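*Asks:* Need coordinates for the below:
(one chain, ligands or ions: 2)
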Amino acid sequence: MNLLKTLFFAASVLLFITSCQKQKKVIERPNILYIMSDDHSYQTISAYSDKLMKTPNIDRIADQGILFENSFVGNSICAPSRATLLTGKHTHKNGQIDNSVTFDSGQVTFPRLLKAAGYQTAIIGKWHLRSNPTGFDYWNIVPGQGQYYNPDFIEMGKKTRHEGYVTDITTDIALKWLDGRDKNKPFCLLLHNKAPHRTWEPDTLYLDEFKDKVFPVPENFFDTYEGRQAAAEQKLSIRKKDMDINYDLKLNVKGRFGEVDHTKRMNEKQRERWNRHYLPITKDFLEKHYTGDALDLWKYQRYMRDYCACIRSVDKNVGRVLDYLDKNGLTDNTLIVYTSDQGFYMGEHGWFDKRFMYEESFRTPLLMRLPKGYTRRGKVNELVQNIDYAPTFLDIAGVEIPKEMQGVSLKPLFNKNENVKWRDALYYHYYEFPNEHAVKRHYGIRTDRYKLIHFYYDIDVWEMYDLKKDPHEMNNIFGNTEYAAVQKKLEKRLQELRDYYQDDTE
Ligand code: SGN
Ligand code: CA
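*Replies:* Ligands and ions are numbered 1, 2, ... in the order given. Just a heads-up that it's a prediction; the model follows:
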C-alpha cells in the first residue's frame, strides 16, 4: 500500500513538473512582424476607444494579446521616431533629431544584429531616413513621404510604379515576401504604412465610408491656450489657415497653395470616383457660406472623415496579414506588433499634426500579440517608450542587447504574475523648430501623474500639468505654490533623466 502511495506521489510530482515545463516553454527565436503606420492616433483604434471608429482587425491583436495603455515616443515626429525604433536610442544619441537629417546608416541597429544572428530581415513601405536601408535582406520602400495613388516603390534601389492604393500595395508586397522567404529561418518584417499621413487621401473605394458620420467634437476644440505660449504660437490649427480647404480638405477651389490637383497620379476610374465624392461636397460648401465656429466645425468633420477612411484601409490590410499568419501556421511563433511612429491630434486643442509633448502626440498606440508561451493578456500599464522596441526584439530572439541601447526590453512584461520593477518616468525631446508647424523646441519628463516641460530656443517657458486633475492639459500649474514640492521633485528628476540619457542639448 505504502509503495503504491509513494509511486502515485512520484507520478503526480512528475506530471506537475512536466505540465509546468510545458506551460513555461516559450518559442525560441520567434518571428517578428512589426506593423507601423504613419501618424495613426490611438483615438482611432477601437481597442483603445470606439468613440470615433471601429478597427476590428487591429483590435484582433490586442484581443489575443496585450494593449499598452501608457506607450510613448521620445520625439514625436517621423524620421526621429524611426531612427529610435532601429537604434533603441533617443534622438540626440542616434543623431536623427529632426526630419531634415540624413540617418547615419553605419550605426548599430536591431535589424542588423538579427540578420547577423540568422534572421531574415525586410523593410517594406515608408522609410523616410534618406540614406538607403542597411541590415535588411530585402527592402522595398516608398520615396520620401510616398504617394497614395499608383505609388512608386524603390525595390533594393530600383524604382517601379505600382497600380493601386498604397496601403493595399504595401501589404501585397509584404505578403509576397513572406511567401517567398526561406522557411527554415525566422523572419523579422517591418511593414510600414504611408497612411494615414497628411493629406489623408483615402482609397477611392472607401471615400463614402464616413460620409454622413458626425464625429464628437473634443471638449477643448476651441482652446484659447491661456498660460501656454508655445501652444498659442503653433501653426497646426484646424481653426486657422494652417488647415487648408483645398490642399487638406480637397475642395475644388483655390486655396492657400493655389488649386492643388490631388488626382494627378490617378487612373480614370479612381478620378471618376474621386470627383463623384468631392464635387458635391464642394458644391454644398459653396452654397452654405460657413463662417466662424460653424466653419471650424465643418473643417473638423471634413478632416475626420478622410482621416478615418484612410484607417479603414489600414485596418483591412492588417486583417489580410493576420489571416495570412493564421493560414500558414505562423500565429503561434510570431510576435505581432502594431504601432504608429507617433500619435496625432484629432481636433484636441483645435489641432491636427503632432510634435508636442502633450498627451495626444507624445503617446502612440502599441498592441502586441505574443508568441506562444508568454502568458500576459489585456491591458499593460507600465510606462513604455519607442526606445524599448529594439532591446525587446533582440531579447526575445535571444540576441544580446548592446550596452549603448538606451531602452529596456519589454520581455519581463510579457508574463502575468511577474513582479517587475519598472521605470517611474519618461524623457522627451523635440527639436524641429523653426519649421512648418512652428512647434517650439522642448524637452520634458512625464511620470504616471505629472508632466514638466521646458520650451526653449526663442522662448524660455516652463509648463507643468497634473494629469489626474487635468487630463487635457489646459491648466499650466508651473510656479503654482500648491504644487511647489511636486515641481521641485520633477525638476530634480528631469535633470537626472538628462544625465542618465546623456542629453546636454538645449
Ligand atoms: C509634411 C507635412 C506636415 C508634417 C510633416 C512631418 N506637410 O511636411 O504636415 O508635419 O510632413 O510629418 S505636407 O504638406 O507635406 O503634408 S512626418 O510624419 O513625416 O514627420
Ligand atoms: Ca509620422
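*Asks:* Can you tell me the closest non-neighbouring residue to the residue of the stretch 201-350 of the chain found nearest ligand 2?
*Replies:* The stretch 201-350 of the chain approaches ligand 2 most closely through Asp341 (4.2 Å), counting by C-beta to the ion. To be clear about C-beta, it is placed using only N, CA and C from the backbone, and glycine gets the same treatment. Using C-beta to C-beta, 6 or more residues apart in numbering and skipping the chain neighbours, the partner closest in space to Asp341 is Ser81 (4.1 Å).
*Asks:* how about the residues of the stretch 301-450 of the chain that lie near ligand 1?
*Replies:* Neighbours of ligand 1 within the stretch 301-450 of the chain, by C-beta under 6 Å from any ligand atom: 353, 436-437.
*Asks:* In helices, which of those appear?
*Replies:* Secondary structure from DSSP state H places none of those in helices.
*Asks:* Narrow the residues you listed to those that are buried.
*Replies:* 353, 437 (16 or more other C-beta atoms under 10 Å).
*Asks:* Quick check: of the residues of the stretch 301-450 of the chain next to ligand 1, which lies closest to Phe414?
*Replies:* Asp353 (33.3 Å; C-beta to C-beta).
*Asks:* returning to that earlier point: quick one, phi/psi of the residue of the stretch 201-350 of the chain closest to ligand 2?
*Replies:* Asp341 has phi and psi values of phi -70, psi -20 when expressed as degrees, to the nearest 10.
*Asks:* do Asp466 as well
*Replies:* Torsion angles, degrees, to the nearest 10, at Asp466: phi -100, psi 100.
*Asks:* circling back: just the residues of the stretch 301-450 of the chain next to ligand 1 now: which is nearest Gly258?
*Replies:* Glu436 (17.6 Å).
*Asks:* Report how many residues lie close to the spatially closest residue to Gly227 that is not a sequence neighbour.
*Replies:* The shortest distance from Gly227 to any non-neighbouring residue, by C-beta to C-beta, 6+ apart, is to Asn476 (4.3 Å). Neighbour count for Asn476, taken as other C-beta atoms under 10 Å: 20.
*Asks:* still on that earlier bit, so what pLDDT did the residue of the stretch 201-350 of the chain closest to ligand 2 get?
*Replies:* Asp341 carries a pLDDT score of 98 in this model.
*Asks:* Val13 too?
*Replies:* The predicted local confidence for Val13 is 51.
*Asks:* Please apply the same query to Ile27.
*Replies:* 88.
*Asks:* now swap in Ala309 and tell me
*Replies:* Predicted confidence (pLDDT) for Ala309: 98.
*Asks:* quick one, what contacts the closest residue to it other than its chain neighbours?
*Replies:* In space, and not counting its chain neighbours, Ala309 is closest to Pro202: 3.5 Å by C-beta to C-beta, 6+ apart. Listed by C-beta atoms under 8 Å, 6 or more residues apart in numbering, the contact set of Pro202 reads 209, 306, 309-310, 312-313.
*Asks:* Recalculate using a threshold of 6 Å.
*Replies:* Contacts of Pro202 were listed using C-beta atoms under 6 Å, 6 or more residues apart in numbering, and they are 306, 309-310.
*Asks:* Next: His349.
*Replies:* So, once contact is read as C-beta under 6 Å, 6+ apart, His349 ends up touching 220, 223.
*Asks:* What of Leu129?
*Replies:* Residues 79, 82, 103 are the ones in contact with Leu129 under the rule C-beta under 6 Å, 6+ apart.
*Asks:* and the residue nearest to Gly227, what does it touch?
*Replies:* Per C-beta under 6 Å, 6+ apart, neighbours of Asn476: 227-228, 463.
*Asks:* Keep only those of those that are also close to ligand 1.
*Replies:* Okay, of the contacts of Asn476, nothing touches ligand 1 (C-beta under 6 Å from any ligand atom).
*Asks:* In strands only, show me the residues you listed.
*Replies:* Glu463 (DSSP state E).
*Asks:* need the contacts of Asn476 in TSV with neighbour count, pLDDT and distance to Leu494, can you?
*Replies:* Shown next, in TSV, are the contacts of Asn476 (neighbours: other C-beta atoms under 10 Å; pLDDT from 0 to 100; distance: C-beta to C-beta, whole Å):
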residue	neighbour count	pLDDT	distance to Leu494
Gly227	15	98	20
Arg228	23	98	18
Glu463	24	99	12
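*Asks:* Which one of the contacts of Asn476 is nearest to Phe110?
*Replies:* Glu463 (34.0 Å).
*Asks:* Near ligand 2, which residues of the chain are found?
*Replies:* By C-beta under 5 Å from the ion, the residues of the chain that approach ligand 2 are 38-39, 78, 341.
*Asks:* out of the residues you listed, which is most surrounded?
*Replies:* Asp341 (28 neighbours).
*Asks:* Now do the contacts for that residue.
*Replies:* 38, 78, 81.
*Asks:* any chance of those residues in CSV, plus pLDDT?
*Replies:* Shown next, in CSV, are the contacts of Asp341 (pLDDT from 0 to 100):
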residue, pLDDT
Asp38, 98
Cys78, 98
Ser81, 98
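*Asks:* Which members of these occur in helices, if any?
*Replies:* 78, 81.
*Asks:* How is the chain divided into domains?
*Replies:* The chain resolves into domains spanning 26-201+305-419, 206-216+230-302, 429-500 when parsed by automatic domain parsing.
*Asks:* Could you find the closest non-adjacent residue to the residue nearest the centre of the chain?
*Replies:* Closest residue to the average C-alpha location of the chain: Ser340 at 1.4 Å, with C-alpha atoms, centre = their mean. Of all residues not flanking Ser340 in the chain, His40 sits nearest, at 3.8 Å (C-beta to C-beta, 6+ apart).
*Asks:* Compute the number of surrounding residues for Glu496.
*Replies:* 13.
*Asks:* Can you give me the neighbour number for Glu155?
*Replies:* Counted with other C-beta under 10 Å, Glu155 comes out at 13.
*Asks:* any idea how far ligand 2 is from it?
*Replies:* 23 Å (C-beta to the ion, to the nearest Å).
*Asks:* if I pick the residue nearest to Asp341, what's in contact with it?
*Replies:* Ser81 neighbours (C-beta under 6 Å, 6+ apart): 73, 341-342.
*Asks:* quick one: which of the residues you listed is nearest ligand 1?
*Replies:* Asp341 (6.3 Å; C-beta to the nearest ligand atom).
*Asks:* Surely Ile154 forms part of a strand?
*Replies:* Yes: assessed with DSSP: H, G, I helix; E, B strand; the rest coil, Ile154 lies in a strand.
*Asks:* ok, what's across the strand from it?
*Replies:* Ile154 has these beta-bridge partners by DSSP bridges: Ile141, Lys159.
*Asks:* again, but for Phe72
*Replies:* Going by DSSP bridges, Phe72 forms beta bridges with Arg363, Gln385.
*Asks:* And for it, the neighbour number?
*Replies:* By other C-beta under 10 Å, neighbour count at Phe72 equals 25.
*Asks:* Looks like it contacts Leu426 (just checking).
*Replies:* Yes: assessed by C-beta atoms under 6 Å, Phe72 is found in contact with Leu426 at 5.5 Å.
*Asks:* Could you tell me which residues touch both of those two?
*Replies:* Gln385.
*Asks:* what about stretch 193-200, start to end distance?
*Replies:* End-to-end distance for stretch 193-200, by C-alpha to C-alpha, to the nearest Å: 13 Å.
*Asks:* Pull out the buried residues from it.
*Replies:* Applying 16+ other C-beta under 10 Å to stretch 193-200 flags 193-200 as buried.
*Asks:* Do a quick rundown of the helices in the stretch 101-250 of the chain.
*Replies:* Along the stretch 101-250 of the chain, counting by DSSP state H, counting those that start in this stretch, helices occupy 110-116, 166-180, 229-232.
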